[in-house]
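Participant: sequence and predicted structure are below.
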Amino acid sequence: MDKTQARCRALKRDQTPCPNPAKYGGYCGVHFPKKKAEWVERASAAAKYASGILTLAVGAEEVVNLAVKFWQALPFGPGPRMPEEYKFLTARIPVSYPEMLDGWSPTTKGPNSIDWAQAKKLYLHAKALQEQIQQGAPESAVEMSARQLDAEISLFIDSVQPGLKGRLVGSLQPRPKRNRPETPSDSAAVYCQ
């Protein structure tokens, strides 16, 4: 083995190589970094902050996705005269077969039962915030946008007709997986003789 590879890779104050043998990650016990650099701590804090805002933006987008899927799962379907904002959202949100509701209590409902203009605004704002984060926009702009988005989520949910709001909010919560009855395996089958 070459002696230069086994030596500490740090430089002393006089810019000469450290003569101590390398022990930890190419450094000797004297030069091994003991504390994270300040910039590493700041970068880590910024990453955690940005991921929290990104989670808010993705969550806001998911609220609109679930509202569209919820609406399509209602017994009457989307209806022939839906507002342009609803059509805008369905063109961008992939919906295959909506999950059917377990039960339904009758209520008056129509295209205006959900404020689709507010839903479109929320969707576009969530997408714009995600784009701001990806492009590295200034933290102050991202933070202001995140506060506005948070308020828009509340406005959107509050704008839903009371009879539908409980069901929509319920659809936003994760559902427990249903237990399916087990089928007998071939090894457990009983054969008649």
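Facilitator: Cool, got the structure. Numbering: from 1, shown residues only.
Participant: can you give the domain ranges for this structure?
Facilitator: 1-34, 48-97+109-169 (automatic domain parsing).
Participant: deepest-packed of those domains, please.
Facilitator: Among these, ranked by average contacts under mean count of other CB atoms under 10 Å, first place goes to domain 48-97+109-169 (a mean of 16). No exception for glycine: its C-beta is placed from N, CA and C like everyone else's.
Participant: endpoint to endpoint, that domain covers what distance?
Facilitator: Distance between the two ends of domain 48-97+109-169: 28 Å, counting by CA to CA, to the nearest Å.
Participant: what's the answer for stretch 94-113, then?
Facilitator: Start-to-end, stretch 94-113 (CA to CA) is 22 Å.
Participant: returning to what we had before: would you turn the domains of the chain into TSV with distance to Arg42?
Facilitator: Converted to TSV, the domains of the chain look like this (distance: least, CB to CB, whole Å):
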stretch	distance to Arg42
domain 1-34	16
domain 48-97+109-169	10
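Participant: among the ones you listed, which is nearest Glu41?
Facilitator: Closest to Glu41 of those, according to CB to CB: domain 48-97+109-169, at 10.8 Å.
Participant: so for the closest one, mean pLDDT?
Facilitator: For domain 48-97+109-169, mean pLDDT is 83.
Participant: got the contact list for Ala67?
Facilitator: Shown in contact with Ala67 (CB atoms under 8 Å, 6 or more residues apart in numbering): 114, 119, 156, 160, 168.
Participant: helix or strand right after the biggest helix by length in the chain?
Facilitator: In the chain, taking DSSP state H as the definition, the longest helix is helix 38-73. Going down the chain from helix 38-73, the next helix or strand is helix 84-92, by DSSP states H and E.
Participant: name the helices or strands packed onto that following helix?
Facilitator: Helix 84-92 sits against helix 38-73, helix 116-135, with contacts defined as 3 or more CB pairs under 8 Å, 6 or more residues apart in numbering; DSSP states H and E.
Participant: how about residues contacting it?
Facilitator: Contacts with helix 84-92, where a contact means CB under 8 Å, 6+ apart, come from 64, 68, 71, 78, 111, 116-117, 119-120, 123.
Participant: what of stretch 21-29?
Facilitator: Residues outside stretch 21-29 that contact it (CB under 8 Å, 6+ apart): 5-10, 18, 20, 32-33.
Participant: pLDDT check: weakest of those residues?
Facilitator: Sorting the contacts of stretch 21-29 by pLDDT puts Gln5 at the bottom of the list (59).
Participant: what is the neighbour count of Ala47?
Facilitator: Look at Ala47: counted by other CB atoms under 10 Å, it has 10 neighbours.
Participant: what's the spacing between it and Val142?
Facilitator: Distance check for Ala47 against Val142: by CB to CB, to the nearest Å, it reads 13 Å.
Participant: could you do Asn65 as well?
Facilitator: 22 Å.
Participant: fine, thanks again, bye for now.
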